[in-house]
Structures are given as C-alpha cells and as structure tokens.
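S.K.: what shape does this take:
(one chain, ligands or ions: 1)
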Amino acid sequence: MTTAAKLPPTDSANSQVQVERKPFDVERIRRDFPILSRDVRGKKLVYLDNAATSQKPQVVIDALSRYYEEGNANVHRGVHFLSEHATGEHERARKLAQKFIRAAHAAEIVFVRGTTEAINLVAQTYGRANIGEGEEVLITAMEHHSNIVPWQLLCDEKRAKLRVAPINDNGELMLAEFERLLGPRTRIVALAHVSNALGTVNPLAKIIAMAHRKGIPVLVDGAQAVPHMKVDVQALDCDFYAFSSHKMFGPLGIGVLYGKTALLEAMPPYQGGGDMISSVTFEKTLYNKLPFKFEAGTPDVSGAIGMGVAIEYINQVGIENIAAYEQELLDHATHKISSIPGVRLIGTAKERAGVISFVLDGVHPHDIGTILDQEGIAVRTGHHCAQPIMQRFGIPATARASFALYNTKEDVDALARGILKVKEVFA
Ligand SMILES: Cc1ncc(COP(=O)(O)O)c(C=O)c1O
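M.R.: From the prediction side, this is the model:
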C-alpha cells in the first residue's frame, strides 16, 4: 500500500473510531485503554487520578503515531500533498471540537495548549482591552489556580479588583452572594463548570443568566466537565468556554478556547507571529480571520488530530451513557468511602461529577496516597492547585479519587480496602 492510500480522506464524515456498544460495556471500554492492563508495584493498576489527566485509548495513540509515520507536515502553508492533508485533518479536528460543545461556528474554536492557556488568552486580550482601574473581575472560591492567577496578573497590571464569590460548607456556590457581587464595576465573571477539588457542578445556566441580565460576559473553565457531561455552549449562552484535551482521553499539550464570534472579533491578538496575520509590512500588520488570529506559530497538528479522535471516541460511547454510568459509580463511591469511620468527605454538593475528595482522621493525605500507591492505586493528594479551597475548609490537603468512563465498582472497592489498610498502618 502506498502512503497516500493509507492516509484517511480528510473530508471524510465517517468516524475513524468504531466502537458500537450499548448498553454500557465497561469491560470492553477498558480493553480500549492499553495502560489499564499493566501492573504497578506488583498489583493491578487502579487508576483514580483522572482529574489530573486521563488515560488514552488505543485509537488516539494510533492516530498520533500514524500522523508522524504517514502524514507529518506543517499546515496552512504548503501546496504539496502532505501539507494539504495535514491542514485538512487539523481543520477536521476543529469541526469535531465545534460539534462536541455545540459551538455555532468552527471559527469560534481556537486551538490552545490547554485550559490554562485559554484563560490566560482571554485575560490578556479581552481583559486588557476591557478591564480598567477600579473595575472588577468576579471568580468563585472554588477555582483552580489557572482561573485565579491569570486574573490576578491582569488586576495587578490594571489596578482592577479580583472579587471572590463564596461557597458553603458543602462546596456549593452561594448564589445570593454571587448575585450581590455582580456589581456595576464587574467586567467579567470567570468560573469552573465542575470543581476539580470538590466535584461540585455549578448551575451554569442560572449563573450565566444572572450575569447577562447585568450585561456581564462569562468565561467557563470546563476542564473537569467535558469528560463527564454533555456541554452545549449555545444552550448555556456562555461567552467563553475552555477545556483541555488530556483530561478527555486526548493528547497532552492541546485544548480549546471557545468564544462567541463577536467577542473574538473585537479582541486584540494574543501572540504575534506566523499564521496569525493576513499581511505584514514594517509599518502595519493586518491580522488573520478567526480563529487563526489567535493561533500564532506552528500549531500542535498531531495533538489536534489526536483530540479529534478522542472526541470521536467519546461520541461513539455516548456522552450521556458516560454521564449516567459515572453518576452510578460516584454514588457507589460516596456511599462506600463516606461510611468508613474517620473519613470526612470534602465537597458534598448535591450536584457533583467525577471527583471524591476526603480526609482521614489523624493521617496526612500524603501518607494516604503513599500507602494506596503500594496497593497499585493512583489517587492525588495535596491542594489540587486550589489552595484557597483548602483554606476555606481549614485543611492542608485532601486525598482525591477521580473517575473516568473506564473505572469500575471494583476500583472503588479496592480504594475502600486501601483506606482500611491506611487505618491499620496508623492505628
Ligand atoms: C478545573 C481546572 N481548571 C483548569 C485546569 C488546568 O488545566 P491544564 O493544566 O490542562 O491547562 C485544571 C487542571 O487540573 C482543572 O482541573
């Protein structure tokens, strides 16, 4: 077979991923993820650190190596076959991302390195252009550092003020307080769809409507939402939505900033360089159309293609099926882990997704993580890049188990046994 014949057609509407399976068949799904069959420290791997990064199905791994084996070329510049093909695949991935979050136009999908870069982009472009001295950025008390620090940098530069809407003891946003903080000086709201440290799902539609009634745009950090639930940016009516590929079974180093066309059009560019221009003279540069205005330099072509395949994988399994399965798993975990004497859950919101965070009487979370690791169980311990949440709950850290579509009730039971072992060691 020639190389050309092996490359999939770029305009193909057909999915490259064939995984027809209903009802939800977790054992088949597990077989799609090669790493899940490996041992760790002589034990079967129980991977419960999905909020940090998810594992990758074989189809994504294959797409990455296929790109480098058969399709590697730079995009948007070449007239030769490989460059045209790579460009087609790159733009196909953009369309997949567009449909995945139901954006109105592919041009509203800006490829970035991940959620962190997406938020920095908005802070440095929209923020710098629209937020001035004495004006305010409103975030919540449950944000990841990547939705705090970019706004602090902006506020320092502009002498603007960062306001923080509080959360209650369950880890839920206090909506009345939030609404009170939406004042005449508020220029943007930035908040998580799902909290990475607590699992809280924010009632976004309500929150966005509150902000819009006062003419304030809303940026949503969707890093912890997209692997777990259907996202429809048009139904939500959010102004910006950010997510990372690596948390939803795609490669590292690529993600998406969604923005409404009118906002993106009005924003100045983020970085300067190749691809983001339509013409350059020493006197003046004209910028490229959307989304390329925000994509300076050679993009991560393989990453975008891999993310597209990850989206196809999720589509094939069905995000609604994933959401329903994971809710059952989370209910099981909540019941099982919270009934262990000495365990206290941190984050008990009515609406949660993907995450169970806990502390254990008399044991530092780091020791929990170390002992669980000896059992082959990967959880995260620490402040989860959300130090203000730890301060809010008066604790230094938590242990966090976070789930994905390939986790099972047996994984949860292994975690519960592991916690009992921790208790034995510290008895
Ligand atoms: C809620 C949330 N926002 C933002 C991020 C940052 O994502 P990334 O490191 O992929 O840019 C994370 C990562 O853990 C997160 O959980």
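
S.K.: Asn407 and Gln58, how far apart?
M.R.: For Asn407, the distance to Gln58 equals 18 Å [C-beta to C-beta, to the nearest Å]. For every residue, glycine as well, the C-beta is placed using N, CA and C.

S.K.: the more surrounded of those two?
M.R.: The neighbour comparison of Asn407 against Gln58 (other C-beta atoms under 10 Å) goes to Asn407, with 26 against 14.

S.K.: can you tell me which residues contact the closest residue to that one other than its chain neighbours?
M.R.: In space, not counting the residues next to it along the chain, Asn407 is nearest to Leu329; the distance is 6.0 Å by C-beta to C-beta, 6 or more residues apart in numbering. Contacts were defined as C-beta atoms under 8 Å, 6 or more residues apart in numbering; by that measure Leu329 touches 403, 407-409, 412.

S.K.: element containing Pro23, please.
M.R.: Per DSSP states H and E: Pro23 is located in neither a helix nor a strand.

S.K.: count of residues packed around the nearest residue in space to it that is not next to it in sequence?
M.R.: By the measure of C-beta to C-beta, 6+ apart, the closest residue to Pro23 outside its immediate chain neighbours is Asn321, 7.7 Å from it. The local packing count at Asn321 equals 17, with neighbours defined by other C-beta under 10 Å.

S.K.: the contacts of Leu329: which two are farthest apart?
M.R.: Longest distance between any two of the contacts of Leu329 is 10.8 Å, between Phe403 and Lys409; criterion C-beta to C-beta.

S.K.: tell me which of those two has more neighbours.
M.R.: When Phe403 and Lys409 are compared for neighbours, Phe403 comes out ahead with 28 against 13, by other C-beta under 10 Å.

S.K.: just confirm the more buried one contacts Gly354, I think it does.
M.R.: Yes. Phe403 is in contact with Gly354 according to C-beta atoms under 8 Å; the separation is 5.5 Å.

S.K.: who touches both of the two?
M.R.: With contacts defined as C-beta under 8 Å, 6+ apart, the residues shared by Phe403 and Gly354 are 50, 326, 330.

S.K.: what's the closest of these to Gly199?
M.R.: Leu330 (7.6 Å).

S.K.: quick one, phi psi at that closest one?
M.R.: Geometry field for Leu330 lists phi and psi as phi -70, psi -40, criterion degrees, to the nearest 10.

S.K.: next, count neighbours for it.
M.R.: Residue neighbour count, defined by other C-beta under 10 Å, stands at 22 for Leu330.

S.K.: residue contacts, it?
M.R.: Applying C-beta under 8 Å, 6+ apart, we find Leu330 in contact with 199, 352-354, 356, 403.

S.K.: as JSON lines, those with secondary structure, pLDDT and distance to Val112 would be great.
M.R.: Putting the contacts of Leu330 into JSON lines (DSSP: H, G, I helix; E, B strand; the rest coil; pLDDT from 0 to 100; distance: C-beta to C-beta, whole Å) gives the following:
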{"residue": "Gly199", "secondary structure": "coil", "pLDDT": "98", "distance to Val112": "25"}
{"residue": "Arg352", "secondary structure": "strand", "pLDDT": "98", "distance to Val112": "27"}
{"residue": "Ala353", "secondary structure": "coil", "pLDDT": "98", "distance to Val112": "23"}
{"residue": "Gly354", "secondary structure": "coil", "pLDDT": "96", "distance to Val112": "22"}
{"residue": "Ile356", "secondary structure": "strand", "pLDDT": "97", "distance to Val112": "29"}
{"residue": "Phe403", "secondary structure": "coil", "pLDDT": "98", "distance to Val112": "26"}
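
S.K.: quick one: which of the residues you listed is nearest Pro34?
M.R.: Checking these against Pro34 with C-beta to C-beta, the nearest one is Phe403 at 19.2 Å.

S.K.: gap between the closest one and the ligand?
M.R.: Plainly put, Phe403 is 14 Å away from the ligand if you go by C-beta to the nearest ligand atom, to the nearest Å.

S.K.: kindly report the same for Asn315.
M.R.: Asn315 is 21 Å from the ligand, by C-beta to the nearest ligand atom.

S.K.: show the backbone phi and psi for that residue.
M.R.: phi -60, psi -40.

S.K.: burial check on it, number of neighbours?
M.R.: In terms of burial, Asn315 registers 15 neighbours under the definition other C-beta under 10 Å.

S.K.: what residue in the stretch 301-427 of the chain comes nearest to the ligand?
M.R.: Ranked by C-beta to the nearest ligand atom, the top residue of the stretch 301-427 of the chain for proximity to the ligand is Cys385, at 6.0 Å.

S.K.: three-state assignment of that residue?
M.R.: With DSSP: H, G, I helix; E, B strand; the rest coil as the basis, Cys385 sits in coil.

S.K.: need the contact list for the spatially closest residue to it that is not a sequence neighbour.
M.R.: For Cys385, the nearest residue in space outside its immediate sequence neighbours is His145; the separation is 4.5 Å by C-beta to C-beta, 6+ apart. The neighbours of His145, taking C-beta under 8 Å, 6+ apart as the test, are 385-387.

S.K.: among those, who's most crowded?
M.R.: Ala386 (25 neighbours).

S.K.: for Ser195, see how far away that residue is.
M.R.: Shown here: Ala386 relative to Ser195, a distance of 7 Å by C-beta to C-beta.

S.K.: joint contacts of these two?
M.R.: Shared contacts of Ala386 and Ser195, defined by C-beta under 8 Å, 6+ apart, are found at Met142.

S.K.: and Ser83, how far from the ligand?
M.R.: Here the criterion is C-beta to the nearest ligand atom. By it, Ser83 lies 29 Å from the ligand.

S.K.: all further residue positions should be reported with the first residue as 879.
M.R.: I'll keep to 879 as the first residue from here, and by that count the last item is Ser961.

S.K.: so what's the residue count around that residue?
M.R.: Ser961 is surrounded by 17 other residues when neighbours are defined as other C-beta under 10 Å.

S.K.: got the residues of this structure near the ligand?
M.R.: 929, 992-994, 1022, 1024-1025, 1070, 1074, 1099, 1101-1102, 1122, 1263 (C-beta under 6 Å from any ligand atom).

S.K.: can you rerun that using 5 Å?
M.R.: Residues of the chain lying close to the ligand by C-beta under 5 Å from any ligand atom are 992-994, 1022, 1024, 1070, 1074, 1099, 1101-1102, 1122.

S.K.: so which of the residues you listed are in helices?
M.R.: The subset of the residues of the chain next to the ligand located in helices under the criterion DSSP state H comprises 993-994.

S.K.: element containing the residue with the largest distance to the centre of the chain?
M.R.: For the chain, the residue at maximal distance from the C-alpha centroid (C-alpha atoms, centre = their mean) is Glu1161, at 40.0 Å. Counting by DSSP H and E, Glu1161 is held by no secondary-structure element, helix or strand.
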